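In: I would like the atomic coordinates for the input below:
(one chain, ligands or ions: 1)
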Amino acid sequence: MSLADGFKDALSCWCSGVSVVTTKSTDGLMYGLTVSSFSSLSLDPPLILVCIDNRNRFPAMVEEAGGFAVSILHHEQQAASNYFARPGRLPTPDFTEIEGDWTDSGQPVVKGAMAWLACEVHQQIEAGDHTIVIGRVVETFASEGEPLLYYRRAYRSVAT
Ligand SMILES: Cc1cc2nc3c(=O)[nH]c(=O)nc-3n(C[C@H](O)[C@H](O)[C@H](O)COP(=O)(O)O)c2cc1C
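Out: As a prediction, the model looks like this:
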């Protein structure tokens, strides 16, 4: 097995949640993509991070917009994950196929998400073929329920 295939295979053993990162440009267009590379980073100040492919428009959009949100998907939101992972989607004036909401700080979030965090852009660090987008959390929401999981290249649910 090549190093590249072994790298992907090893990482597929890391179970994660599924989130959608969203932002709204200064000219009013919103865009989001499905992301499993979400992580908490710091408590004081409250920082989180996501790692985004450099070919994606998100890092440039958030640089200009100054903020973004992370929606942590509920286990019944596979359709939202698939939609926001579809290649080639363009920014749109509002949510289209998947319903959305807007936070008090003006960030778009996925409607029905189990939790969300609205952020100001804190820092962006290019590393390899991805950019680490670090957000300073300004607003949060959380609810009960079970999260959507991603493990071994497939969606999973929590089995307790
Ligand atoms: C479960 C799952 C997790 C993903 N995690 C990431 C991620 O952490 N970072 C990333 O850049 N893309 C990730 N993707 C892929 C992007 O969602 C996808 O490449 C992107 O939406 C394509 O849009 P584009 O053609 O506009 O670049 C993930 C996809 C899925 C299904």
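
In: C-alpha only now, for contacts and for neighbours.
Out: Noted.

In: Checking Gly6 next. Helix, strand or coil?
Out: Under DSSP: H, G, I helix; E, B strand; the rest coil, Gly6 falls in the helix class.

In: Quickly find the element holding Ser81.
Out: helix 78-85 (DSSP states H and E).

In: Wondering if that helix reaches the ligand at all.
Out: Yes: with C-alpha under 6 Å from any ligand atom as the criterion, the ligand is reached by helix 78-85 at Phe84, Ala85.

In: Show me what that helix is in contact with.
Out: Applying C-alpha atoms under 8 Å, 6 or more residues apart in numbering, the contact partners of helix 78-85 are Val18, Ser19, Val20, Gly32, Leu33, Thr34, Leu73, Glu97, Ile98, Val110, Leu148, Tyr155.

In: Asp129 touches Asn56, doesn't it?
Out: No: contact criterion C-alpha atoms under 8 Å: Asp129 and Asn56 do not qualify, at 10.5 Å.

In: Just want to know which of the two has more residues nearby.
Out: In this view Asp129 and Asn56 are compared by other C-alpha atoms under 10 Å, and Asn56 has more residues nearby, 14 against 10.

In: any idea how far Met61 is from Leu47?
Out: 19 Å (C-alpha to C-alpha, to the nearest Å).

In: ok, now Glu120?
Out: Distance from Glu120 to Leu47, counting by C-alpha to C-alpha: 10 Å.

In: joint contacts of the two?
Out: Residues within reach of Glu120 and of Leu47 at once, by C-alpha under 8 Å, 6+ apart, are Gly135, Arg136, Val137.

In: Please report which of these has the highest neighbour count.
Out: Counting by other C-alpha under 10 Å, top hit in the shared contacts of Glu120 and Leu47: Gly135 with 27 neighbours.

In: tell me, how many neighbours does His122 end up with?
Out: Neighbours of His122 using other C-alpha under 10 Å come to 16.
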